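>>> test case, fold it:
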Amino acid sequence: AEPLRHLPESRQSMSAENSRLAFIDALKASASQLIVLHHLAFYGPMSDYAHPLAPEVFSWLSQYARIAVQAFLVIGGFLAVKSIAPSGHFVQKTVPAILWKRYLKLVPPYVCALLLAIAAAPIAESLTTHESIPAPPTAAQFIAHVFLLQSILGFDGLSAGVWYIAIDFHLYALLLLTLWLANSAMPQHFATAGRALLIALVLASLFYFNRNDGWDNWAVYFFGAYGLGALVSWGTSRNQAPLWLGLVFVAALT
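Residues are numbered from 1 along each chain as shown. Below you'll find the predicted structure:
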């Protein structure tokens, strides 16, 4: 911290932001590797043959490494609020425009990955037989995936991790609509209203929706972690940081 004292205030802010985002990037990289290892240990014929080689390791990866998804949810909320309400002010764009921009960011690489998975499935089926190899998709199933509605409409996923892309978009939309509602109702006190609505939705998710598996295809099931990330993002940029971070800490422990 000492060298930062000799920098102009704007450069100090930039240095702090870069340091914080570097930590976020490192956390995402670590979590992504855990998710890859979880998939390798849990899905496909390779895990059946590899498990006897290190049973304790593969059992841990298959059961517990998926907790890294929670890290992605928290980070997702942390970063999303920065694009929707930077510096505590609601972005000056329409809700459809913001959602469309988000959709275009997520879907093109996601569809490419889907097409690759669809093309690889018959190749894998010609080489081996395993329940994890998906059947050729129907047109309705593929269209549901393109619009990120496959889980809600009851279609099986075309690949193991594609559910997260859909949930990420739904969580972003739910956060956006929540903050838009706060801004529409109390534009002069947006930050206070936005936090209040976020806290209410986080608590509803943690203590009701997340405790009922019937909601696990819907964004409200996961919003507890996502919303906590959003609250942390706002809390660290305000003078009331100890209060807000304390509330987040208590909610997380509960």
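
>>> what's the spacing between the strand or helix carrying Ala200 and its chain's center?
Per DSSP states H and E, Ala200 falls inside helix 190-207. Relative to its chain's centre, helix 190-207 lies at 18 Å (Cα atoms, centre = their mean, to the nearest Å).

>>> remind me what the helix or strand following that helix packs against, helices and strands.
Following helix 190-207 in sequence order, the next helix or strand is helix 219-235 (DSSP H and E). Other helices and strands packing on helix 219-235, by 3 or more Cβ pairs under 8 Å, 6 or more residues apart in numbering; DSSP states H and E, are helix 68-84, helix 162-185, helix 190-207, helix 241-253. (Glycine included, C-beta is placed from N, CA and C.)

>>> what helices and strands are in contact with the helix holding Ala200?
helix 162-185, helix 219-235, helix 241-253.

>>> tell me which helix or strand of this protein sits lowest on mean pLDDT?
helix 241-253 (a mean of 64; mean pLDDT, DSSP states H and E).

>>> need the helices and strands packed on helix 219-235 in TSV with mean neighbour count, can you?
Shown next, in TSV, are the helices and strands packed on helix 219-235 (neighbours: other Cβ atoms under 10 Å):
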stretch	mean neighbour count
helix 68-84	20
helix 162-185	19
helix 190-207	18
helix 241-253	13
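
>>> in CSV: the ones you listed, plus distance to Ala124.
As requested, the helices and strands packed on helix 219-235 are exported to CSV (distance: least, Cβ to Cβ, whole Å):
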stretch, distance to Ala124
helix 68-84, 25
helix 162-185, 17
helix 190-207, 37
helix 241-253, 40
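
>>> now for those, which one comes closest to Pro45?
helix 162-185 (20.4 Å; Cβ to Cβ).

>>> tell me the pLDDT at the residue nearest the centre of the chain?
In the chain, the C-alpha nearest the mean C-alpha coordinate belongs to Leu73, at 3.6 Å (Cα atoms, centre = their mean). At Leu73, the model reports a pLDDT of 94.
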